[in-house]
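K.L.:
return atomic coordinates for the entry below.
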Amino acid sequence: MLTIFNYLKSLICNKSFLLGSILATCMFSHYIFGNDNLLEQLGELFIFESTGRDVDFTPENINSSNDSLKAIVETIKK
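P.N.:
You can find the predicted model right below:
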């Protein structure tokens, strides 16, 4: 039981897991707070500062969805 707890603890405390969770929350925050909310804008700004890619998490922009996911993966890898 302790081994499972230690594994989950190491997974959750992993930098990539935390960063991915935060960016996924930013990406889907428009469903809770509406379009162009502060959390979404902060996520977009963080990705821009980390990768130099300008992304838009707004769901109406279908073409940017793939770019947003690619930018998130690129940000997590750094």
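K.L.:
got the contact list for the helix or strand where Leu45 lies?
P.N.:
Under the criterion of DSSP states H and E, Leu45 resides in helix 38-51. Here helix 38-51 makes contact (CB atoms under 8 Å, 6 or more residues apart in numbering) with 22-23, 25-27, 29-30, 33, 53-58, 71-72, 74-75, 78. Where C-beta positions appear, they are placed from N, C-alpha and C, glycine not excepted.
K.L.:
filter those residues down to the buried ones, ChimeraX style.
P.N.:
The buried subset of the contacts of helix 38-51, as determined by 16 or more other CB atoms under 10 Å, is captured in ChimeraX by this line:
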select :23,26,27,29,30,55,57,71,72,75
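K.L.:
and the contacts of helix 38-51, which of them are in strands?
P.N.:
Using DSSP state E, no member of the contacts of helix 38-51 falls in strands.
K.L.:
how many residues are close by the residue lying closest to Leu11 once chain neighbours are set aside?
P.N.:
The shortest distance from Leu11 to any non-neighbouring residue, by CB to CB, 6 or more residues apart in numbering, is to Phe17 (6.0 Å). Using other CB atoms under 10 Å, Phe17 has 13 other residues around it.
K.L.:
relative orientation of the strand or helix carrying Phe17 and helix 38-51 in degrees?
P.N.:
Using DSSP H and E, Phe17 falls within helix 15-27. Counting by axes from the mean of the first three to the mean of the last three CA atoms, to 10 degrees, helix 15-27 lies at 130 degrees to helix 38-51.
K.L.:
so where is this protein shaky, pLDDT-wise?
P.N.:
Counting by pLDDT under 70, the chain shows low-confidence ranges at 1, 59-66, 78.
K.L.:
give me that answer again for 80
P.N.:
Residues of the chain meeting the criterion pLDDT under 80: 1-2, 5, 8-9, 11-16, 18, 35, 57-78.
K.L.:
distance-wise, check the residue nearest to Leu11 relative to Lys9.
P.N.:
Computed as CB to CB, to the nearest Å, the Phe17 to Lys9 distance reads 11 Å.
K.L.:
Ser16 reaches Thr75, doesn't it?
P.N.:
No. Applying CB atoms under 8 Å as the test, Ser16 and Thr75 come out as separate, 9.8 Å apart.
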